[in-house]
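> A structural model of the following input is requested.
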Amino acid sequence: MLEIICCFKWVVDEAYLKPDSVGKIDLEMAEYKISNYDRNAIEEAVRLKEQYGGNVTAITVAAPDATKGIKNALSRGPDKAYFINGEGFDHLEPAQYAIILEEVIAKEIPYDLIICGEGSSDLYAQQVGPRLAERLGIPFIGSVQKVQIENKQITVERKTDEGVEVLTAPLPVLIAVVPDINIPRVPGVRDTLAASKKPVIEIAAGDLGKDYAPCLLQEELKVSTMERKCTYFGSEQEDIKAFVEALRKTGLLDGR
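Got it, this is the predicted structure:
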């Protein structure tokens with residue numbers, strides 16, 4: 001029986017990032033969602049439980065009002081959830097997330113396998129997974145696109161620049177999965193109703209070993225712009241000469 005932990009982050013839904021007349025973005029009316037990459041992590045944890053048996057525990061570090069995210073995560077198949085919350089916990093630095101997760105997991109949650117998304121939809125720092133594994137003293141494998149488990153050993157396929165790499169490691173281990181690993185299920189009404197009956201262990205900031213003040217302060221959010229200069233050329237000889245000359249003027253070709 002496998003004990004699997006899946007980590008997820010509650011982030012702003014990009015569909016609600018709409019600028020005002022001066023290009024600023026107001027998040028007051030924005031909706032939130034489970035980070036896209038973490039949906040793959042939850043899905044893979046549940047699939048492994050269905051294949052090999054065991055239990056899945058979802059865990060998140062978030063602001064106190066992120067309760068909707070807990071229900072959303074549980075509706076996707078985990079058996080229970082840990083909700084570590086505190087004011088400002090939606091603006092922590094990735095290293096802080098890893099420290100808090102390690103403190104709770106090491107003390108309270110048994111595990112054979114921990115699954116994270118490759119990065120989060122907001123910061124995409126790709127730091128929480130490897131930092132958490134280092135603090136727990138277990139192997140870390142990133143960019144995972146396929147998983148098999150046998151005899152307390154995990155075998156994974158991971159993407160590299162050169163192709164696909166196959167690795168094995170003894171459990172316990174932490175893996176970070178890429179979106180190619182699966183297609184997350186869409187919870188139905190029955191799943192959502194069942195999620196309300198699953199246990200949620202809430203840990204407030206004051207219950208942690210020390211104070212975790214946010215390292216990141218978001219003062220303003222603006223839309224980034226990118227301007228492109230488009231010039232069209234024909235296919236005649238003179239057009240080709242004009243094209244080459246334009247490249248030289250921009251410095252993309254040696255002028256010699």
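> Around A106, how many other residues sit close by?
12 (other C-beta atoms under 10 Å). C-betas here are computed from N, CA, C, even on glycine.
> On the three-state scheme, it is what?
helix (DSSP: H, G, I helix; E, B strand; the rest coil).
> That one and L136 touch, don't they?
Yes. Counting by C-beta atoms under 8 Å, L136 is a contact partner of A106 at 6.4 Å.
> Need the single longest strand in the protein, by residues.
For the chain, the strand with the greatest residue count under DSSP state E is strand 140-150.
> elements contacting that one?
helix 36-52, helix 128-136, strand 153-160, strand 163-170, strand 173-177 (3 or more C-beta pairs under 8 Å, 6 or more residues apart in numbering; DSSP states H and E).
> quick check: mean pLDDT across it?
Mean pLDDT, strand 140-150: 96.
> Extract the CA atoms of that strand and return them as PDB.
Provided in PDB are the C-alpha atoms of strand 140-150 (Å, rounded to 0.1, in the frame of the first residue of the first chain):
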ATOM      1  CA  PHE A 140      14.500  14.100  -6.500                       C
ATOM      2  CA  ILE A 141      13.600  13.500 -10.200                       C
ATOM      3  CA  GLY A 142      12.300  16.300 -12.300                       C
ATOM      4  CA  SER A 143      10.600  16.500 -15.800                       C
ATOM      5  CA  VAL A 144       8.900  13.100 -15.200                       C
ATOM      6  CA  GLN A 145       6.500  12.000 -18.000                       C
ATOM      7  CA  LYS A 146       5.900   8.400 -17.000                       C
ATOM      8  CA  VAL A 147       5.900   6.400 -13.700                       C
ATOM      9  CA  GLN A 148       6.000   2.700 -12.800                       C
ATOM     10  CA  ILE A 149       6.500   1.300  -9.300                       C
ATOM     11  CA  GLU A 150       7.600  -2.200  -8.400                       C
END
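> which residues sit against that strand?
Strand 140-150 is contacted by residues 2, 44, 48, 52, 113, 118, 126, 129-130, 133-134, 154-160, 164, 167, 169, 171, 173-178, 180-181 when judged by C-beta atoms under 8 Å, 6 or more residues apart in numbering.
> switch the cut-off to 7 Å
Where contact means C-beta atoms under 7 Å, 6 or more residues apart in numbering, the residues beyond strand 140-150 that reach it are 44, 48, 52, 118, 129-130, 133, 154-159, 167, 169, 173-178, 180-181.
> try stretch 101-110
3, 5, 7, 57, 59, 61, 82, 84, 111, 132, 135-136, 203, 208-209.
> For those residues, which PyMOL command selects only the ones that are buried?
To isolate the buried ones among these in PyMOL, judged by 16 or more other C-beta atoms under 10 Å, type:
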select buried, resi 3+5+7+57+59+61+82+84+111+132+135+136+203
